[in-house]
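A.B. asks: Here is the input, now give the coordinates:
(chains A and B)
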Number of protein chains: 2
Amino acid sequence: MKKVINAPENVVSEMLSGMEKAHGDIIRVVAEHNLVVRADAPVSGKVALVSGGGSGHEPTHGGYVGAGMLDAACAGSVFTSPTPDQMLEATKAVDGGAGVFYVVKNYTGDVLNFEMAGELAEAEGIQTDYVVVNDDVAVEDSTYTSGRRGIAGTIFVHKICGAAADDGKDLSGIKELAERVNANVRTMGMSLTSCIPPEAGEPIFEIADDEMEIGMGIHGEPGIERKKIEPANEIVDQLLGKILSDNVDFSGSEVAVMVNGLGGTPPMELYIAYSHVADVLEREGITVYGRPYVGDYMTSLEMAGFSVTLLKLDEEMKGYLTAPCKVAAGRPF
Amino acid sequence: MKKVINAPENVVSEMLSGMEKAHGDIIRVVAEHNLVVRADAPVSGKVALVSGGGSGHEPTHGGYVGAGMLDAACAGSVFTSPTPDQMLEATKAVDGGAGVFYVVKNYTGDVLNFEMAGELAEAEGIQTDYVVVNDDVAVEDSTYTSGRRGIAGTIFVHKICGAAADDGKDLSGIKELAERVNANVRTMGMSLTSCIPPEAGEPIFEIADDEMEIGMGIHGEPGIERKKIEPANEIVDQLLGKILSDNVDFSGSEVAVMVNGLGGTPPMELYIAYSHVADVLEREGITVYGRPYVGDYMTSLEMAGFSVTLLKLDEEMKGYLTAPCKVAAGRPF
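C.D. replies: I've put the predicted structure just below:
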């Protein structure tokens, strides 16, 4: 197992420690609960946004904590849901009196645990609500999911709802907006390689040297088709084909676009993929609003591969998408 | 070869096309010369900064073109120096009448070609000067280098001299500042895996499943020692040990710190490494100025591994390091 780690059982806590040392102006870490919390939380009178999930998808979710996005992120073990207790602690740490909103990716463990955390929080007098993001068009039902999986489109929910919360939108307004983003965002991915969770020490699946999988999940859940590696443009055509033939009518619309690397794909390849994404969208009469998001937003450890996300925007979403935020993810200078 | 590409011979041009489509507000691409040029170049009356080198190190260098950093970057073929002609075209595209300064990593081909480009530019009446960055403490002389190699510390030269040029510093002042940054910056890296240049189609070196190499270069040039993989903290101790025992006295100083991923190393591992870097520096009485730079700044395609860079700062460098800039690298939202 080729990793820069100390002990496999300590990867999450040591990672969080490194994040706090690096970005203490933006976040603080609650080590006993593996939480990343906005440094100035709780922000009085603002709806607080909490997300989380298994670790190994960095910068998801801790990298998106900060002004204009999330108030807290719960880090589970690698590829494992955080617990309701963790989520409750996050809720209490960030509640500013206006309620706490959970952004949950559609994996059974995450959904059940956030639902339970919400009940525990309500019992303590904190109002909560949540959205379950299910943007992955690849498959219905999956290894850890009933219905569609939640993947990189979730980042647009963080960004747009985070800006809306900063703008003073109330809990029911955030809920409505989050459901609207989720209803208009679609993603599909592919992988060239597997990855190795540190504690398991073994690849999560096997794939031949000349093969790829279309529609692969971010924990290695099966996709649609295993086949020989094809040129980048043909891969993009398949991902976009499935997204554009789904039940959101993107024709003539303005969209936010993400080309998301899964951890082991260098920027060169993501830009090659984006070049064709841009050409296909132009051909289809779909306009990229602002600029696209090309980089590692939601990874699967060191997996090689990428996903494409389209979000059909309305005027309110546009404003919140491009509003300033200050988070650790990306932050080059 | 597991890559998201179309044809190996087109990776650089297609990547540049994708970058231009994604970041047209910051850069433009001169396709016939594989140049990335600041969108508003030339900036009249400002010293223009030009860098470049082989491709495969993205976001180096094109990702650092924009206000407050580089005016142009020349993209060579993968791991191959750009040509003097390319560099001359870049020089002419960005010259604003105050001279053009080249930031050159110490590889023989890059140095010779930038020197020749400077002569060609001078013949056309454009004043030029340059710095050769040689921050890698691992080895003296190497496969493609006489003296020490230039690696991730180069990014600090881009950032600090780019801000100084925006601030109106003249060509001789930029030269002095660049030499001063280079004299105070030290880097060392390690790798866990090899990488595959697209046109070669084969790994640039072989390494066993349980081995790492300390001091590896960013084109796979040999390092100091090939040995069994060790815990992250021990690796960091070796890299920092060599940096701190070199000829810059970091004791009691304020430093800029970079933990740079080589392309295939996920954020989790970079933050684990940074956590120990921070502890060692604190123990040594060395203060991290501002915040550290943790991420993929200068990669080697999909290579797994990382480098650590320390730059001993003075007051002028601090101001320029933290001045605003607008470049494609990182740019999350």
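A.B. asks: Could you tell me the end-to-end distance of stretch A:318-333?
C.D. replies: Terminal residues of stretch A:318-333 lie 25 Å apart, using CA to CA, to the nearest Å.
A.B. asks: How is chain A divided into domains?
C.D. replies: Under automatic domain parsing, the residue ranges defining each domain of chain A are A:8-183, A:185-321.
A.B. asks: do the longest one and chain B meet?
C.D. replies: Yes: using CB under 8 Å from any CB of the partner chain, domain A:8-183 reaches chain B at A:11, A:14-19, A:21-25, A:55-56, A:58-59, A:63, A:159. Where C-beta positions appear, they are placed from N, C-alpha and C, glycine not excepted.
A.B. asks: who's in contact with stretch A:232-249?
C.D. replies: Stretch A:232-249 is touched from outside by A:137-138, A:183-190, A:212, A:214-215, A:224, A:250, A:269, A:272-273, A:276-277, A:280-281, A:284, A:307-308, A:310, A:312, B:4-6, B:14, with contacts defined as CB atoms under 8 Å, 6 or more residues apart in numbering or on different chains.
A.B. asks: Any buried residues in it, and which?
C.D. replies: In terms of neighbour count (16 or more other CB atoms under 10 Å in any protein chain shown), stretch A:232-249 has its buried residues at A:A232, A:N233, A:I235, A:V236, A:Q238, A:L239, A:L240, A:K242, A:I243, A:L244, A:V248.
A.B. asks: for stretch A:251-262, same thing?
C.D. replies: Neighbour-count burial for stretch A:251-262 flags A:S253, A:E254, A:V255, A:A256, A:V257, A:M258, A:V259, A:N260, A:G261, A:L262 (criterion: 16+ other CB under 10 Å).
A.B. asks: Next: stretch A:93-105.
C.D. replies: Of the residues in stretch A:93-105, those buried under the neighbour-count criterion (16+ other CB under 10 Å) are A:A93, A:V94, A:D95, A:G96, A:A98, A:G99, A:V100, A:F101, A:Y102, A:V103, A:V104, A:K105.
A.B. asks: The second one touches A:D40, doesn't it?
C.D. replies: No: under the criterion of CB atoms under 8 Å, A:V94 makes no contact with A:D40, lying 10.2 Å away.
A.B. asks: pLDDT below threshold where in the stretch 101-250 of chain A?
C.D. replies: Low-confidence segments of the stretch 101-250 of chain A, defined by pLDDT under 70: none present.
A.B. asks: What's the local residue count around the spatially closest residue to A:S251 that is not a sequence neighbour?
C.D. replies: In this structure, A:S251 finds its nearest non-sequential neighbour in A:G285, 6.2 Å apart by CB to CB, 6 or more residues apart in numbering or on different chains. Using other CB atoms under 10 Å in any protein chain shown, A:G285 has 10 neighbouring residues.
A.B. asks: how much space between the closest residue to A:R148 other than its chain neighbours and A:S142?
C.D. replies: Counting by CB to CB, 6+ apart, A:R148 lies nearest to A:N134, which is 4.0 Å off, once chain neighbours are set aside. Relative to A:S142, A:N134 is positioned 10 Å away (criterion: CB to CB, to the nearest Å).
A.B. asks: and A:Y271, that's in a strand?
C.D. replies: No: note on A:Y271: no strand contains this position according to DSSP: H, G, I helix; E, B strand; the rest coil, which reports helix.
A.B. asks: What about it, how many residues nearby?
C.D. replies: When neighbours are counted by other CB under 10 Å, A:Y271 comes out with 29.
A.B. asks: Do I have it right that it meets B:S13?
C.D. replies: No: with contacts defined as CB under 8 Å, A:Y271 does not count as touching B:S13, sitting 10.9 Å away.
A.B. asks: Can you spell out which helices and strands pack onto the helix or strand hosting A:V103?
C.D. replies: Assigned by DSSP states H and E, A:V103 falls within strand A:100-105. In this structure, strand A:100-105 makes packing contacts with strand A:48-55, helix A:84-94, helix A:108-123, strand A:128-133, helix A:154-166, helix A:171-184, judged by 3 or more CB pairs under 8 Å, 6 or more residues apart in numbering or on different chains; DSSP states H and E.
A.B. asks: hmm, back to that, give me the number of neighbouring residues for the residue nearest to A:R148.
C.D. replies: Residues within reach of A:N134, counting by other CB under 10 Å, total 25.
A.B. asks: quick one: contacts for it?
C.D. replies: For A:N134, the set of contacting residues under the criterion of CB under 8 Å, 6+ apart consists of A:N106, A:T145, A:G147, A:R148, A:R149, A:G150, A:N182.
A.B. asks: In this structure the fourth one contacts A:V133, no?
C.D. replies: Put plainly, it is A:R148. No: counting by CB under 8 Å, A:R148 sits too far from A:V133 to count as a contact (9.3 Å).
A.B. asks: Would you quantify the distance from A:P197 to A:G220?
C.D. replies: As defined by CB to CB, A:P197 lies at a distance of 9 Å from A:G220.
A.B. asks: anything in contact with each of those two?
C.D. replies: Between them, A:P197 and A:G220 share the contacting residues A:I204, judged by CB under 8 Å, 6+ apart.
A.B. asks: give the contact list for the nearest residue to A:Y102 once chain neighbours are set aside.
C.D. replies: In space, not counting the residues next to it along the chain, A:Y102 is nearest to A:Y130; the distance is 3.7 Å by CB to CB, 6+ apart. A:Y130 makes contact with A:F101, A:Y102, A:V103, A:V104, A:F114, A:E115, A:G118, A:K175, according to CB under 8 Å, 6+ apart.
A.B. asks: Show me the helices in the stretch 201-333 of chain A, by range?
C.D. replies: Assigned by DSSP state H, counting those that start in this stretch, the helices in the stretch 201-333 of chain A fall at A:232-244, A:267-283, A:315-321.
A.B. asks: Quickly find the element holding the residue lying closest to A:I26 once chain neighbours are set aside.
C.D. replies: If you skip the residues right next to it in sequence, A:I26 has A:G66 as its closest partner in space, 4.5 Å away by CB to CB, 6+ apart. Using DSSP H and E, A:G66 sits in strand A:66-67.
A.B. asks: Check A:M15 too.
C.D. replies: If you go by DSSP H and E, A:M15 is part of helix A:11-22.
A.B. asks: Can you give the strand pairings for the helix or strand just after that helix, parallel or anti for each?
C.D. replies: Tracing the chain C-terminally past helix A:11-22 and defining elements by DSSP H and E, one meets strand A:27-30 next. Partners of strand A:27-30 in the sheet, by DSSP bridges, are strand A:35-38 (antiparallel).
A.B. asks: What lies in contact with the strand it pairs with?
C.D. replies: Everything outside strand A:35-38 that qualifies as a contact, by CB under 8 Å, 6+ apart, is A:16, A:19-20, A:26-30, A:61-62, A:65-67, A:70-75, A:86, A:89-90, A:93-94.
A.B. asks: picking up where we left off before, could you pick out the buried ones from the residues of domain A:8-183 next to chain B?
C.D. replies: Burial by neighbour count, judged by 16+ other CB under 10 Å, picks out A:11, A:14-19, A:21-23, A:55-56, A:58-59, A:63, A:159 from the residues of domain A:8-183 next to chain B.
A.B. asks: In these, find the pair that's most separated.
C.D. replies: The most widely separated members of these are A:E14 and A:K159, with 27.7 Å between them, by CB to CB.
A.B. asks: A:A41 contacts A:K92, doesn't it?
C.D. replies: No: shown here, A:A41 and A:K92 do not form a contact pair, counting by CB under 8 Å, at 10.4 Å.
A.B. asks: Looking at the two, which one has more neighbours?
C.D. replies: The neighbour comparison of A:A41 against A:K92 (other CB under 10 Å) goes to A:A41, with 19 against 15.
A.B. asks: need the contact list for the residue in the stretch 1-150 of chain A positioned nearest to chain B.
C.D. replies: Of all residues in the stretch 1-150 of chain A, the one sitting closest to chain B is A:G18 (3.3 Å; CB to the nearest CB). Residues near A:G18 by CB under 8 Å, 6+ apart: B:L270, B:Y271, B:I272, B:A273, B:Y274, B:S275, B:A278, B:V294.
A.B. asks: at 6 Å instead, please
C.D. replies: With contact set as CB atoms under 6 Å, 6 or more residues apart in numbering or on different chains, A:G18 has these partners: B:Y271, B:I272, B:Y274, B:S275.
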